[in-house]
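Participant: I would like the atomic coordinates for the input below:
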Amino acid sequence: MLFLATTGFTLCFWAWALLAPLGPRLRDDLGLTSFEQSLVVAVPVVVGALGRIPAGALTDRWGARRVFPLVAALTVLPVLYLGHLAETLTQFLAGGFLLGLGGTAFAVGVPFVNAWYPPVRRGFALGVFGLGTGGTALSSFTTVQLADAVGRAFPFDLVAGCLAVYAVTAWFLLRDRPGRTTATGSLWSRTSLALRTPATWHLAFLYAVSFGGFVAFSVYLPTYLTRAYDLTRSDAALRTAGFVVLAVAMRPLGGWLSDRVRPVPVLTASYGLVAACAFLASFETELVPVGTAAFLGTAAGLGAGSGAVFALVARLVPAERVGSVTGVVGAAGGLGGFFPPLVMGAIESVTHDYTRGFVLLAVTAAAAGAVTSTVVRRRAHAADEARP
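Facilitator: Next up, the predicted model:
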């Protein structure tokens, strides 16, 4: 079940990230400004983020057995539209809006995996599921190369075919854990209850910084590298893929460490690393070796932090509410990835410099570390004492 869920998450995220590597090409082909280019790659992020709220609540009620194949099948439609029909800025924005559906798979898979594993193994299991964020690396590695070698539509056709096969496979093979706790009440009441849970907001902020930072780098780093360092689009996409691979690999490590030394110290260290590396990146030093080290250090911190946040969810949230809370927390993570590309694009358009954007990331990461080591530490300690 973990393998099936991770595979589906990977494919949905592959689809969700298809537009990001093509950002520089769309800028040239459509004559976009920096802000318009940022908007095209950011729209799927925000829609996928907000869509996680109802997706998580529906999973609590219906189970991933039904919701996962549905999400995969519906994502095929915008993928084919973008590959074959979209030609203007408006059409790419509309297709990107619908493409955001792929990003909701995260809120479907977390409660599904959480239900299958005991508390002492959930951090690592959720970290393994989080490897599905590597779908963005697949997109970075393959989209530009396949589009250049075969044709612009081919990457979209390939992803659509994989999603269709997965939707059918998941419908027949995916199974919810027998005896899982099924949520009661309406979608609105369960979402409202999740929003009234204090831990939800703390977790949402932490995930907005860790996973939001990962998403922001995934979608905007190709643009940044081509603009700031004059790299080719293919080279920028491959370097972004390296960033994504490291962040994805660090996610299960963050979950594994959280199972053993608890999530709070893992999160505190992760945010400290991100703050230091983002501040270093703000100086726009030579890409090799200092700039590369700063970006890879940021990737490691963001990946480990993302894994640790959901190890914390498993400790602080009752099982029947994991889907609803995951939807809200996942939405915060997606929204955290929506705004930085827009901010970076706006800053570059006005100042022709990216320094302020990296400084903002450093300050935000430091604030997340401070919240983790104070407020969240006390809440986690209280939850551990209340647990029988």
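Participant: any idea how far Gly254 is from the nearest residue to Ala380 once chain neighbours are set aside?
Facilitator: Nearest in space to Ala380, with sequence neighbours left out and distances taken as CB to CB, 6 or more residues apart in numbering, is Val264 at 5.5 Å. All C-beta spots, glycine's among them, are computed from the backbone N, C-alpha and C. Note on Val264: its distance to Gly254, by CB to CB, to the nearest Å, is 12 Å.
Participant: Name the residue in these two with the higher neighbour count.
Facilitator: Taking neighbours as other CB atoms under 10 Å, Val264 and Gly254 compare with Gly254 leading, 31 against 21.
Participant: Just give the nearest non-adjacent residue to the more buried one, would you?
Facilitator: Gly307 (3.0 Å).
Participant: After the host helix or strand of that neighbour, which helix or strand is next?
Facilitator: Taking DSSP states H and E as the definition, Gly307 sits inside helix 292-316. Next in sequence after helix 292-316, counting helices and strands by DSSP H and E, comes helix 322-351.
Participant: What's the first helix or strand after that following helix?
Facilitator: Next in sequence after helix 322-351, counting helices and strands by DSSP H and E, comes helix 355-371.
Participant: Name the residues of that next one that are buried.
Facilitator: Neighbour-count burial for helix 355-371, counted by 16 or more other CB atoms under 10 Å, picks out 357-358, 360-362, 364-366, 368-369, 371.
Participant: Same question for stretch 126-146.
Facilitator: Buried residues in stretch 126-146 (16+ other CB under 10 Å): 126-144, 146.
Participant: Out of those, which sit inside helices?
Facilitator: Assigned to helices by DSSP state H, the following of the buried residues of stretch 126-146 qualify: 126-129, 135-144, 146.
Participant: What is the helix holding Gly307 packed up against?
Facilitator: With contacts defined as 3 or more CB pairs under 8 Å, 6 or more residues apart in numbering; DSSP states H and E, the packing partners of helix 292-316 are helix 105-116, helix 119-129, helix 198-228, helix 233-261, helix 263-281, helix 322-351, helix 377-386.
Participant: Verify the stated contact: the residue nearest to Gly254 with Val128.
Facilitator: No. Taking contacts as CB atoms under 8 Å, Gly307 lies outside contact range of Val128: 9.3 Å.
Participant: Mutual contacts of the two, please.
Facilitator: Residues touching both Gly307 and Val128 (CB atoms under 8 Å, 6 or more residues apart in numbering) are 252, 255.
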